[in-house]
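Asker: give me a 3D structure for the following:
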Amino acid sequence: MDPNVAPSKGSTTTPGETRSDLESTLRRIEARLERLERTLDPLTQATAAAPALTSTAVDVLDDWANQHGDLDERLRTLSELLERVTRPEALAPLMMMVELSEQAKPAIATVTDIVDETMARAAAEGMEIERLVESSKNAVLKLAQLATAREVQALLDSGMLDPAALSTLGMTARAVADASEEPAPEVGMFGALRAARQPSVKRALGFLIRVAEKLGDNLGTTAPKLLLNANAQSKSERDS
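Answerer: The predicted structure is shown next:
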């Protein structure tokens, strides 16, 4: 080629580059463009579908707001709740609970070690651990049955555990104990009449008369009958 002749304008080759090299470079560029197009295709589709999805989401929110009330008011309430929950004074108890739970792990491990050591020592001393566990389980079951028994409920409802009744029973037990320290004298009818003149005996007789009056009033109600029926039913259930 004559160096004085300029290359034609339609030629894209450069000095030292043949037409086959240029075609190979163009093919590589075209392949890269195709891969880039395939990579961007999902993004293009998502971008094209975004307006429709946004419109659908807005319609769903509008329908929900129409069915359940003012959406703006709910959002304001939720924002206020979030602000109050995230206050330091509100998070302090939660942080304390987290710290306690973290500190509880070594404490539980220590208690477990103590129980294991106690069980091992008891087994070394000849105690039957399985029998002890079985006895403890039976004791717990018996206590549960006792707590739910009708007799216990009747006792709780009877007034026997009332503080005034317990105080009176305590004074009666103390009087019996004090009287038992000395031999009981033989007292006839006239001796009883003379003793009835003593102020302490008068107070005791007055108390017994009042108790008799209250007992007579209670015997006229249906409560004792209901209690007897409950006791009979409990006995029949135990027998069956």
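Asker: when you work out contacts or count neighbours from here on, use the C-alpha atoms and nothing else.
Answerer: Will do.
Asker: tell me the spacing between A52 and D72.
Answerer: 23 Å (C-alpha to C-alpha, to the nearest Å).
Asker: right, I mislabeled it, should have said M189
Answerer: M189 is 95 Å from D72, by C-alpha to C-alpha.
Asker: next one: E182
Answerer: Distance from E182 to D72, by C-alpha to C-alpha: 89 Å.
Asker: return stretch 113-125 as CSV; C-alpha atoms alone will do.
Answerer: Written as CSV, here are the backbone C-alpha positions of stretch 113-125 (Å, rounded to 0.1, in the frame of the first residue of the first chain):
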residue,chain,number,x,y,z
ASP,A,113,-24.4,-29.9,90.9
ILE,A,114,-25.6,-29.7,94.6
VAL,A,115,-28.5,-32.0,93.8
ASP,A,116,-26.2,-34.5,92.0
GLU,A,117,-23.7,-34.4,94.9
THR,A,118,-26.5,-34.9,97.5
MET,A,119,-27.9,-37.8,95.5
ALA,A,120,-24.5,-39.4,95.2
ARG,A,121,-23.8,-39.0,98.9
ALA,A,122,-27.2,-40.5,99.8
ALA,A,123,-26.5,-43.4,97.5
ALA,A,124,-23.1,-43.9,99.1
GLU,A,125,-24.8,-44.1,102.5
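Asker: give me the contacts around that stretch.
Answerer: E128, I129 (C-alpha atoms under 8 Å, 6 or more residues apart in numbering).
Asker: show me how far it is from its chain's centre.
Answerer: Relative to its chain's centre, stretch 113-125 lies at 31 Å (C-alpha atoms, centre = their mean, to the nearest Å).
Asker: now do that stretch, average pLDDT.
Answerer: In this model, stretch 113-125 has a mean pLDDT of 80.
Asker: offset the numbering so it begins at 14, please.
Answerer: OK, 14 is where the count begins now, so the last one is stretch 126-138.
Asker: tally of neighbours for V98?
Answerer: Counted with other C-alpha atoms under 10 Å, the neighbours of V98 add up to 12.
Asker: confidence score at the residue nearest to the spatial centre of the chain?
Answerer: In the chain, the residue lying closest to the centroid (C-alpha atoms, centre = their mean) is M110, at 14.4 Å. pLDDT recorded at M110 is 84.
Asker: ok, now how distant is it from L95?
Answerer: 20 Å.
Asker: quick one: the helix or strand encompassing K150 to chain centroid distance?
Answerer: Using DSSP states H and E, K150 falls within helix 142-160. Its chain's C-alpha centre and that of helix 142-160 lie 25 Å apart, by C-alpha atoms, centre = their mean.
Asker: domain parsing for the chain?
Answerer: Per automatic domain parsing, the structural domains of the chain span 40-99, 101-140, 144-182.
Asker: among those domains, which is nearest I222?
Answerer: Minimum separation from I222 across these (C-alpha to C-alpha) falls at domain 144-182, 14.9 Å.
Asker: all set, thanks.
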